[in-house]
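Participant: Sequence below, structure please.
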Amino acid sequence: MTRFVLSESESGVDAGVALGVLPARAAAYLLASGWSADMEGGGVTVGAALERCAESRWQYLLVKELYRWQVRGGVRDDLFEDSPAETNSERAAVLSAVRTDSAALAELFGPQWADMVSLAVAGDFSEDRMADSLEAVDAGWWAGFAWPAAIDAASSVAVESGRRNQFLAAFNVACRLGHGVSRIAAADASRGLVVRDLIGVHGFDLSHYDRLTGPWRRHIGAVHRDDRQPTPYPSK
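Facilitator: Here you go, the predicted structure:
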């Protein structure tokens, strides 16, 4: 799985470089096409400009989320296009100025930002790669008390530790990765990943982390670079 880390000597790749051209490219497209809140009667939305100009879906999702928090204060999707800028050129200028460097990604996702970028890269596929998994076949993994308890524990420690926005941002990206059961696994993995360094704090423990990240780790790949080998799917 592709990794993005702060040190270029470690990976030779910086996520900010991969993302950096998209805001300006999308801004130029928006300026040429004209902005529209709903794309009726011509024009494009900010989201559509980003999607059409991105070289891959993971780049589109990450820059859209960077824009959401840097420009729109983390608003939900139905308010995303209520641009604070008044003119088309102002909207394009605001979009072009979106920061995509390592510092911006760390602000967006927290300490595990590099692994969150890797999760987005690994989840850039359209098929359901877990449709035949044991988790999907017997549905036991997402039934009962353990799954919602793990979500509650992760959410609580994120809020208590001042990481609510990072928790939401990661989920906004991950819930659009993959397809079908794979998408559920990606969304859960993001929940665990954002607070991985807080295992043992405010009631969030390793069993919660494993519950959230286990399906992705078993079928797609690592969630965090230091994760141990995932345990097999429980037989009962």
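Participant: Which strand or helix spans the spatially most central residue of the chain?
Facilitator: With distances taken as Cα atoms, centre = their mean, the residue of the chain nearest its centroid is V173 (2.8 Å). Assigned by DSSP states H and E, V173 belongs to helix 164-174.
Participant: Give the buried residues for that helix.
Facilitator: Within helix 164-174, the residues that count as buried by 16 or more other Cβ atoms under 10 Å are N165, Q166, F167, L168, A169, A170, F171, N172, V173, A174. To be clear about C-beta, it is placed using only N, CA and C from the backbone, and glycine gets the same treatment.
Participant: With stretch 192-199 instead?
Facilitator: The neighbour-count check on stretch 192-199 (16+ other Cβ under 10 Å) flags G192, L193, V194, V195, R196, L198, I199 as buried.
Participant: what's in contact with it?
Facilitator: The contact list for stretch 192-199, computed with Cβ atoms under 8 Å, 6 or more residues apart in numbering, reads 109-112, 115-116, 119, 150, 154, 157-158, 161, 163, 166-167, 170, 204-206, 208-209, 211-213, 223-224.
Participant: End to end on it, go ahead and measure it.
Facilitator: In stretch 192-199, first residue to last residue: 9 Å (Cα to Cα, to the nearest Å).
Participant: Hmm, A153 is touching V201, no?
Facilitator: No. Using Cβ atoms under 8 Å, A153 is not in contact with V201, being 10.2 Å away.
Participant: any low-confidence regions in the protein?
Facilitator: The chain contains residues with pLDDT under 70 at 1-17, 83-84, 139, 235-236.
Participant: Scan it for its longest helix.
Facilitator: The residue-count maximum for a helix in the chain (DSSP state H) belongs to helix 15-33.
Participant: Distance from it to the middle of the chain?
Facilitator: 19 Å (Cα atoms, centre = their mean, to the nearest Å).
Participant: Over to stretch 143-158?
Facilitator: Using Cα atoms, centre = their mean, the offset of stretch 143-158 from its chain centre is 19 Å.
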